[in-house]
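Visitor: Here is my input; please provide its structure:
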Amino acid sequence: MSSAAPWARRAAIVAGYWVLWAFAWWVSGQYEVAANISPWYFPAGITFALLLVCGLRYLPAVLAIEVAVWLFAMPHLPALWIVLPVLIAGGYGLGAWVLGRILPFDRALRRGTDILLLTATAAVAAGAVALAGTALVVVRDGLPWVRYDWAAAQWWIGDVTGIVVLTPLLVLLGRSVAAWAEGERLPARPGPQPPRRRLRWKSALADGAIVAVGGFGGWLGLLMTGRLWLFMFAIPVLWVAYQHGRYAAAVAVPMLAAVTIVVLPVAGAGHGILETQLFVVSMSIAGLMLGAVAEAWRRSERALTERKAALEEEVEMRAGEVMATNRRLTDHLESRRAIEESLREISEMNRRQRMELETLYNGAPIGLGMFSRDLRFVRINEQLAEINGLPAADHVGHTLTEVVPGVAGQVVPLLERVIETGEPITGIEIRGETPKAPGLERVWLEAFYPVVMPGGEVEGVAAVVEDITERKRHEEQLRLAMRELNHRVRNTLTVVLSIASQTVRYSDSLDDFSGAFTRRLRSLASAHGLLSKSNWQSTPMRDLAVAVLSPYCDPDGDTARLEGEPLALLPSAALSMSMVLHELAANAAKYGALSASSGRVELSWRLEDDGATLVVRWRETGGPPVTVPKRSGFGTRLIRHTMAHEFGGDAAFTYRPEGLVCDLTMPWAEKDEPLPAAADPARAPPPSVS
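Guide: Next up is the predicted model:
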């Protein structure tokens, strides 16, 4: 492919067209029968070929050469310089456009109809140009109309002859030139040609020699006898067309015209020209059509030959396949008995395996079921029927919504997803009710697997169901126990740390710290012991008070009196209350009523405000006279901090001379649930006595 720019390649085509057109115009001018009228107007063939092959974009080049020629031929008629070129260029441009865009025309001229379409279109276009051009010349020159028909006929036949003689050859050769100008490539010719059918230069030269000899013989006969042996010229043209096809015919036709043009002056201008033109046109058309038809026939012959060879090869291959099939059938018949025996063994094995699988299916400790694509039970084992509380027969053919509506809303979307995606879904927990235990929520661990057919289509869904209600209950109990244990350990450590810190702060000696710290830990341990007996559920208020006061007095004797309605404290409240009561008892044993033999303590509790408030009163009597302390000790601070932060309540101390009175007030709710966050000892900061 040339590397030149497209405009340069197109300019080269225009220049070549002008040179070739000028030479053809000069040759045609040598045989004019009237002013500017030639019986062999070859420029028309060159122009028609250019527009047909390269397109209408070259119309300006045609118009330019026509204007130049008419300016040279008729300098005294300026009006014709423009009108006639426009008429000629427009007529042949329209003919080329109709032939290339509207009619079923193949520029490769592979069919005889292509030759007929080319000739007919050229005749119509040339006729229109000749009639209009002749009329324009006659009117402009003032010529008599008696010569109009003769001049128009000569113009028309001269253009048709030029087109029929030159256009086929230029179209066949110009396709590659047009492709070169547009930077394209011609499609490859369909299939290799046999060597004996290829057109070679030597063969073309030989054919040209035959045409030349024929033409020379006709010319020689004319000199000797005075007769024109025109038909002698047609024989080599037809032979070349039949022998080598459309390309050779397109080359031979111009050679026939050249020989005829040589003979024409001998015959005399104006005498026998029309007959000669018709002979050249008819023989050209016949030769071109014969070449196209002969080449098409040879292509068909080659295709038939190739098809025949392919069929013979296929027949041979099929014969080999038949023989191979016969051998395989023989081998098959010989092994058939062994195969049948193997099939019987396999059938028996499959029967046993089906029985084993059926036994496992029905005896499995988990529920097994299978659903169709429309989500109906296909089969179900006894375990799943037992889980649902319905016989297996009541499941088959029914949907989940009809059998177990309590879980259908959770399971149906999962089944649909398995059918849609073909992917299993495992480890799904389902909660709901079944007819087996209405009103009781149970938990199942379920898995769903697609039932895939050999073609890859999901036929249904297999379900595996395991009742894990008891397991979940145990797990929940264990989780709660661990959480409670963590809470209790943190709370106990916090309390112990606070007790140790504050005891050290208010102890005068190590022995004093050891005694006080030990007593407080024992009080805390007593509360833990009570809670452990009740499995850390709740502790009766009376039992807690007895456990705390026992180290200091006899709760059931004369030194102590316990009075109050039956109440139970939650674990966190019980621990905090034990610390409060311990501080009150320790203070009474050290400084108050329990430090004297006649001393006595009273502990009472009651609910007020319609059960919304718990009031606990600690009252001492019979002890040493009581005075208001100058500063609050550790016990007082601990009690107030605990009541405020652990219970959300208040502690009021009244220092009477006959004994201390402490009123504890706190909110109360008869619900077996953890205290609010503000009252949770694990979340509250340790007591501060600073």
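Visitor: helices or strands up against the helix or strand harbouring residue 61?
Guide: In this structure, residue 61 sits in helix 59-73 according to DSSP states H and E. Packing partners of helix 59-73 (3 or more C-beta pairs under 8 Å, 6 or more residues apart in numbering; DSSP states H and E): helix 6-29, helix 42-54, helix 78-97. Backbone N, C-alpha and C define where each C-beta goes, glycine included.
Visitor: Tabulate those helices (a markdown table), appending mean pLDDT, mean neighbour count and distance to residue 577.
Guide: Putting those into a markdown table (pLDDT from 0 to 100; neighbours: other C-beta atoms under 10 Å; distance: least, C-beta to C-beta, whole Å) gives the following:
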| stretch | mean pLDDT | mean neighbour count | distance to residue 577 |
| --- | --- | --- | --- |
| helix 6-29 | 81 | 16 | 106 |
| helix 42-54 | 84 | 27 | 114 |
| helix 78-97 | 78 | 19 | 113 |
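Visitor: Please identify which of these is closest to residue 281.
Guide: helix 42-54 (11.7 Å; C-beta to C-beta).
Visitor: what pLDDT does residue 196 get?
Guide: pLDDT recorded at residue 196 is 42.
Visitor: quick revisit: now the angle from the helix holding residue 61 to helix 78-97?
Guide: Here the directions of helix 59-73 and helix 78-97 differ by 150 degrees (axes from the mean of the first three to the mean of the last three C-alpha atoms, to 10 degrees).
Visitor: Relative to residue 581, which of the helices and strands packed on helix 59-73 is closest?
Guide: Using C-beta to C-beta, these put helix 6-29 closest to residue 581, at 110.9 Å.
Visitor: Extract the C-alpha set from the closest one and format it as CSV.
Guide: Extracted in CSV, the C-alpha atoms of helix 6-29 (Å, rounded to 0.1, in the frame of the first residue of the first chain):
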residue,chain,number,x,y,z
PRO,A,6,-5.0,10.4,-0.2
TRP,A,7,-5.1,13.7,-2.0
ALA,A,8,-1.9,12.9,-3.8
ARG,A,9,-3.2,9.6,-5.0
ARG,A,10,-6.4,11.1,-6.2
ALA,A,11,-4.5,13.8,-8.0
ALA,A,12,-2.5,11.1,-9.8
ILE,A,13,-5.7,9.5,-10.9
VAL,A,14,-7.0,12.8,-12.3
ALA,A,15,-3.8,13.5,-14.1
GLY,A,16,-3.8,10.0,-15.6
TYR,A,17,-7.4,10.4,-16.6
TRP,A,18,-6.7,13.7,-18.4
VAL,A,19,-3.7,12.2,-20.3
LEU,A,20,-5.6,9.1,-21.4
TRP,A,21,-8.7,11.2,-22.2
ALA,A,22,-6.7,13.6,-24.4
PHE,A,23,-5.0,10.8,-26.3
ALA,A,24,-8.4,9.1,-26.9
TRP,A,25,-9.9,12.4,-28.0
TRP,A,26,-7.1,12.9,-30.5
VAL,A,27,-7.5,9.4,-31.9
SER,A,28,-11.3,9.9,-32.2
GLY,A,29,-10.7,13.2,-33.9
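Visitor: so how far is that helix off the chain centroid?
Guide: 58 Å (C-alpha atoms, centre = their mean, to the nearest Å).
Visitor: re earlier: dump the helices and strands packed on helix 59-73 into a markdown table; add distance to residue 429 as well.
Guide: Converted to a markdown table, the helices and strands packed on helix 59-73 look like this (distance: least, C-beta to C-beta, whole Å):
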| stretch | distance to residue 429 |
| --- | --- |
| helix 6-29 | 75 |
| helix 42-54 | 81 |
| helix 78-97 | 80 |
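Visitor: Residue 292 is in contact with residue 116, isn't it?
Guide: No - the criterion here is C-beta atoms under 8 Å, and residue 292 misses it with residue 116 at 10.1 Å.
Visitor: out of these two, which sits in the busier spot?
Guide: Counted by other C-beta atoms under 10 Å, residue 292 and residue 116 do not tie: residue 292 has more neighbours, with 25 against 13.
Visitor: contacting residues around that one?
Guide: Residue 292 sits next to 109, 110, 111, 112, 114, 115, 245, 246, 249 when contact means C-beta atoms under 8 Å, 6 or more residues apart in numbering.
Visitor: what's the offset of the helix holding residue 61 from the middle of its chain?
Guide: Worked out by C-alpha atoms, centre = their mean, helix 59-73 lies 62 Å from the chain centre.
Visitor: again, but for stretch 52-68
Guide: With C-alpha atoms, centre = their mean, you get 53 Å for stretch 52-68.
Visitor: first vs last residue of it, how far apart are they?
Guide: Using C-alpha to C-alpha, to the nearest Å, the span of stretch 52-68 from its first residue to its last is 22 Å.
Visitor: in it, what's buried?
Guide: Residues of stretch 52-68 classed as buried by neighbour count (16 or more other C-beta atoms under 10 Å): 52-56, 58-59, 61-63, 65-67.
Visitor: can the residues you listed go into TSV with extra columns for distance to residue 255?
Guide: Output for these, formatted as TSV (distance: C-beta to C-beta, whole Å):
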residue	distance to residue 255
52	22
53	22
54	25
55	29
56	31
58	27
59	30
61	28
62	26
63	31
65	26
66	28
67	32
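Visitor: and those residues, which two are the farthest apart?
Guide: So, the buried residues of stretch 52-68 by C-beta to C-beta: farthest apart are 53 and 67, at 22.5 Å.
Visitor: residues in contact with residue 408?
Guide: Taking C-beta under 8 Å, 6+ apart, one finds 399, 400, 401 in contact with residue 408.
Visitor: What residues are bridge-paired with the first one?
Guide: On the basis of DSSP bridges, residue 399 is bridged to residue 376.
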